[in-house]
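[1] Build me a model:
(2 chains)
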Amino acid sequence: MTTPAAVSRHRWRRHGTSYLMLLPFLALFAGFLVWPLANSLYLSFTRFDGVTAPEFTGLENFRRLLFDDDRFRHALGNTFLYVVASVGIGTLLSLGLALAFSGSGWPHRVMRTVFFLPSVTSSIALMLLWKWILNPGDFGLANTVAGWFGGRAVEWLATPGLTIPILVLMSVWGGMGYGMVLYVAGLNTIPQEYYEAARIDGATSWQQFRRVTLPLLRPVTTYVVVTGLIGAFQVFEAVYIVFRGTNNIGGVLDSGLMIVPYLYDQGFTHFKLGYASAIAWVLFVIIFALSMVNLRIGRALKEL
Amino acid sequence: MRRTTAAARAALITGLIALGAGCATSGTPETRQADANAPAAITWWSTGGDDESAAFQKAADLYTKSHPNVTIKVQTLSWDDAYAKLLAASTSRSGPDVVSGGMTWTIQFGLRGGMVDLRKYGVEQLKAQAQPAQWKSAVSPDGTVYGIPLDMSTEALYYRTDLLEKAGIKEPPTSWDELTADIGKLKDAGVRTPFSIDWGNLDWIGYFNFLYQAGGSFYTPDCKPSLGTPEAERALSFWIDLHRKYGAPTDTVTTSDALDAGTAMVYGGNWNALGIDTSKPKLKGKWAVAPLPAGPAGPTTFIGGRAVGVTSYSKHIQQAADFVKYLYTDEAVDAVNAESKARNVSYLPPRPDKVADSPFQPQQSEVFAKIISTGAAAPGCPGWDESAGDVAKHLQSAILGKADMKTALGEAAKVMERNAG
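    The predicted structure is shown next:
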C-alpha cells in the first residue's frame, strides 16, 4: 500500500527540479505582483497620504467614490463612451482591414506592415506626434491641411466636444493594425472547403461572410474585444500627454478625464493613495465583470 | 488533501494582506542623524533640466570648498515625474537630503511629515533678501517654513516690434484699454491673431493676473474666498472678452511658436525670453518684452518659481539646512547666475537685488525686475492646492460659454470654501 507520504516523496523526486526552476519566477511574481496587489487592496480601505501611516476607514473610500464623487462619475461616463466607441470601431476596422489585406502577395504584406507599424511604435512618441498634428492655429498639420481646402482653423485640444472623438481616433488608428493581424491569422485557419461547400449550396458572398467567416472568427473576436476593453479602460498616455493642462489632468472642462488619469491625479498629485487604490479596485471589478460577460456571450453564441 | 491545499491558499492570501498592511508604511519615525562633524554626502533632487542642475552644482561645489566635509550631488528630476518620485521617496523614507520643485510642494510634503521645519536652522534671516510675496507663498499656512524660494518665474508681454510698427503702434500697451485698442489696430492692419496667452491660458494663473490687476484676490486676508466681488467679475469679464471679442485662442500656443506664426502680442513666462532667438532665428531683432498692461488697480503680475527644502528622512539635516541657507549668499547666487548665463538657461534668482545679473539681456532683466517689484504669488490659504484645478474648470466654463460669469465665480468660491476645511 502506498502511503500519502510516499506519494509526496515520489512527486517531489519527479517534479522537484521543475519546482526549483519555477522559484525565481514565483519570487518575482509574488514580490512584484501579488504583494503590491494585496497591499493596494488593504490601502483601499484606508486613508493614506503616502507619508504618514495609513488609517483604516473601512468602506468609506468606496462609499465616497460611488455616491459622492461627481468627478469620478464624470470620468466613468467618459471612459464608457470612449471604450464603446474605440473598441467597437476598432474591432470593425480591424476585421475590415483583415478581409481587405489577408492575401499573401506583396501588396497585401506591405499594407499589413503599414497598418501594423503604430503597434510597434512607442506610444509616448505617437502621442507627441498627435499633439503636434493637433496644434492650434497654423502650426498643426491638421489645421494646415484643412487650410489647403479652405477650412477654418480648429482649436482641437481646447474644444470639449472634440476631446473624446480625438481620443477614439488616436486609439483606433493606433490599435487597428494589431487587431488586423489577429484577424488575418484567424482567417487563414478557416478551411477553404467550407467556402466551396457554401458556394455549391448557392450562398452569396455576404452569406458566406455571415454564416462561415464570422462564426469561425468568434474566438478571435472575443480575444480582440476583451483585450481591447482592458486596454481602453486603462487609457492613460493619450490623456496625460495630449490633453493635460497645468492644473488639470483631464483637459479643458475635464472633457478627457478617464478613470486611470483620475486615479493618478488623486494618488500622485493629491496625496490620496488610499482613495486611488479604491478607484483601482473599482476599475478591476468593472473590467472583470465586462470580460466575464463578453466571454459568456461568446460561449452562448457558440452553443447556438 | 484538497482541504489542506485550500486552507494553505487561504492562509497565503491572508498572510499577504497582513504583510501588505504591515509594510504599507511604518509611519514616520525619526531618522537617526549622522555625526555633524563626520563627512556628509548630500544628494539634492532638483526638478527641472540638466542645465539648471549644472548651474546649482556650481553653487554646491563652492559650498564644498568652504566645507570640505560636505559633498553635494545635484540630480535632475524631470517636471513630469518629479512629484511621483518625491512621493515615493517620502513613503519609503529614503532618498534625497535636499529637494526642489514647485512652490507648494515643500509645504505639501512638509505638512505630512516629509520635510524639516527650517526655522529651527535660522532660515528666517533670509526673508529680508527675498521677494516678500514669494516668501509668503513658500511658508505654510501655520507659519512653518518647509522650503524657501529657490528661483522666481513671472509673466511678461512679448510683442513683435515689426507688427506693432506696421499697425502704427509706437509703444507696447501699458493698460487694459491700450491693449484692447492695440488689438483693434493690429486687426485693421491685417494681423490675423493680434493677441494670445501662453502661460495660464484657460487656467487660474491666467485669471490671477487680471484679478489682481482689477484690485481683487482669491482670498481675503483671513483666507475666506473672495470671488464674489465686483473686481473678480470685472477681471473675468475682461478675460472672457479677450477670448471671445478680441480673438485670443483658447488653445495654448507656446510663446515662440505664436510670435513666429505672426501673433503680435503674447502673455508668456519669463523663461521664453532666452529661447526665442535660438529656436526661431528669423525673429531676431523683431521682438521685445514689456510688463503686462496694468488694470484699474495696477500692474500686479503672478510670481511663481521653485522652492527648496530639506527632507525629514535625511541623515544630514544640519548640513543640508546650512547648505540651503548658503544658496542665498552673494557667492552662491552669483555662481548660479554666471553658470546659467554660460548655458543660456533661464534663471531668475530668489533675491530681487540680483535679478539684474540674471542670464537675460539687460533690457529683459530690467523688465522682469520691474514686474517682480509689484508681483504677487499664489494664495497660501488652506485648501488652495486642492481647489486650484476645480477653480480653473469653473473659469473655463465661463470663457467657453458653458456657464454665466456669476455662476462660474460662485461655484469656484464654493469649491474653495469646501476645501478650506
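[2] which element is the closest residue to B:Gly247 other than its chain neighbours on?
    Excluding its sequence neighbours, the residue lying closest to B:Gly247 (Cβ to Cβ, 6 or more residues apart in numbering or on different chains) is B:Thr193, at 6.7 Å. Just so you know, the C-beta spots here come from the backbone N, C-alpha and C atoms, and that holds for glycine as well. Following DSSP states H and E, there is no helix or strand that holds B:Thr193.
[3] Now do the same contact list for B:Thr193.
    A:Gly137, B:Gly247, B:Pro249, B:Ala258, B:Ala261, B:Gly262, B:Thr263, B:Ala264 (Cβ atoms under 8 Å, 6 or more residues apart in numbering or on different chains).
[4] mind listing the strands for chain B?
    Here chain B has its strands, by DSSP state E, at B:40-47, B:70-77, B:98-102, B:148-160, B:195-197, B:265-269, B:287-290, B:302-310, B:376-377.
[5] what does chain A give?
    Under DSSP E, chain A gives strands at A:46-47, A:55-56.
[6] Which other helices and strands does the first one contact?
    The helices and strands touching strand A:46-47, judged by 3 or more Cβ pairs under 8 Å, 6 or more residues apart in numbering or on different chains; DSSP states H and E, are strand A:55-56, helix A:60-63, helix A:273-303.
[7] Save these as JSON lines, and put in distance to A:Tyr82 and mean pLDDT too.
    Compiled in JSON lines, the helices and strands packed on strand A:46-47 are given as follows (distance: least, Cβ to Cβ, whole Å; pLDDT from 0 to 100):
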{"stretch": "strand A:55-56", "distance to A:Tyr82": "34", "mean pLDDT": "95"}
{"stretch": "helix A:60-63", "distance to A:Tyr82": "23", "mean pLDDT": "96"}
{"stretch": "helix A:273-303", "distance to A:Tyr82": "13", "mean pLDDT": "86"}
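[8] Mind listing what's buried along stretch B:281-292?
    B:Lys286, B:Trp287, B:Ala288, B:Val289, B:Ala290, B:Pro291, B:Leu292 (16 or more other Cβ atoms under 10 Å in any protein chain shown).
[9] quick one: which of those is nearest to A:Tyr82?
    For the buried residues of stretch B:281-292, the minimum distance to A:Tyr82 (Cβ to Cβ) is 38.9 Å, reached by B:Leu292.
[10] For that closest one, which residues are in contact?
    B:Glu155, B:Ala156, B:Leu157, B:Asn209, B:Gln213, B:Tyr267, B:Pro299, B:Thr301, B:Ile371.
[11] Burial check on the first one, number of neighbours?
    To tie it back to what came earlier, the one meant is B:Glu155. 27 (other Cβ atoms under 10 Å in any protein chain shown).
[12] Was I right to think it contacts B:Trp271?
    No. With contacts counted by Cβ atoms under 8 Å, B:Glu155 stays clear of B:Trp271, the gap being 10.3 Å.
[13] can you tell me how far B:Phe294 sits from chain A?
    Not quite, residue B:294 is Ala, not Phe. 24 Å (Cβ to the nearest Cβ, to the nearest Å).
[14] let me redo that: B:Ser314
    B:Ser314 is 14 Å from chain A, by Cβ to the nearest Cβ.
[15] Tell me who's in contact with that residue.
    B:Ser314 touches B:Thr31, B:Ile42, B:Pro96, B:Asp97, B:Val98, B:Val116, B:Ala320, counting by Cβ under 8 Å, 6+ apart.
[16] again, 10 Å this time
    B:31, B:33-34, B:40, B:42-43, B:93-99, B:115-116, B:320-321 (Cβ atoms under 10 Å, 6 or more residues apart in numbering or on different chains).
[17] Mind checking which of these are buried?
    Applying 16+ other Cβ under 10 Å to the contacts of B:Ser314 flags B:34, B:40, B:42-43, B:93, B:95-99, B:115-116, B:320-321 as buried.
[18] and stretch B:81-97, does that touch chain A?
    Yes. Interface with chain A: stretch B:81-97 contributes B:Asp81, B:Tyr83, B:Ala84, B:Lys85, B:Leu86, B:Leu87, B:Ala88, B:Ala89, B:Ser90, B:Thr91, B:Ser92, B:Arg93 (Cβ under 10 Å from any Cβ of the partner chain).
[19] so what pLDDT did residue 265 get?
    Using chain A. At A:Asp265, the pLDDT value in this model is 91.
[20] my question was about chain B
    pLDDT, B:Met265: 98.
[21] One more: A:Phe149?
    Per the predicted model, pLDDT is 89 at A:Phe149.
[22] residue contacts, it?
    A:Phe149 touches nothing, counting by Cβ under 10 Å, 6+ apart.
[23] cool, and the one 5 residues further on?
    With contact set as Cβ under 10 Å, 6+ apart, A:Val154 has these partners: A:Leu134, A:Pro136, A:Gly137, A:Gly140, A:Ala142, A:Asn143, A:Ala146, A:Leu162, B:Asp251.
[24] what do you get for A:Tyr262?
    A:Tyr262 neighbours (Cβ under 10 Å, 6+ apart): A:69, A:71-72, A:74-76, A:78-79, A:239, A:249-250, A:254, A:276, A:279, A:283.
[25] so how far is A:Gly90 from the residue nearest the centre of chain A?
    What sits nearest the mean C-alpha location of chain A, by Cα atoms, centre = their mean, is A:Gly231, with 1.0 Å. According to Cβ to Cβ, to the nearest Å, A:Gly231 and A:Gly90 sit 10 Å apart.
[26] Name the residues contacting each of these two.
    Residues within reach of A:Gly231 and of A:Gly90 at once, by Cβ under 10 Å, 6+ apart, are A:Ser171, A:Gly174, A:Gly175, A:Tyr178.
[27] who touches the residue lying closest to the second one once chain neighbours are set aside in this structure?
    The one in question is A:Gly174. Nearest-residue entry for A:Gly174: A:Pro118, 4.4 Å, with adjacent residues in sequence omitted and distances by Cβ to Cβ, 6+ apart. Applying Cβ under 10 Å, 6+ apart to A:Pro118 gives the contacts A:Leu126, A:Leu129, A:Met170, A:Trp173, A:Gly174, A:Gly175, A:Met176, A:Gly177, A:Tyr178.
[28] Residue 179: neighbour count?
    The chain I'm using is chain A. Neighbour tally, A:Gly179, other Cβ under 10 Å: 29.
[29] my question was about chain B
    When neighbours are counted by other Cβ under 10 Å, B:Leu179 registers 24.
[30] Please read off the pLDDT at it from the model.
    98.
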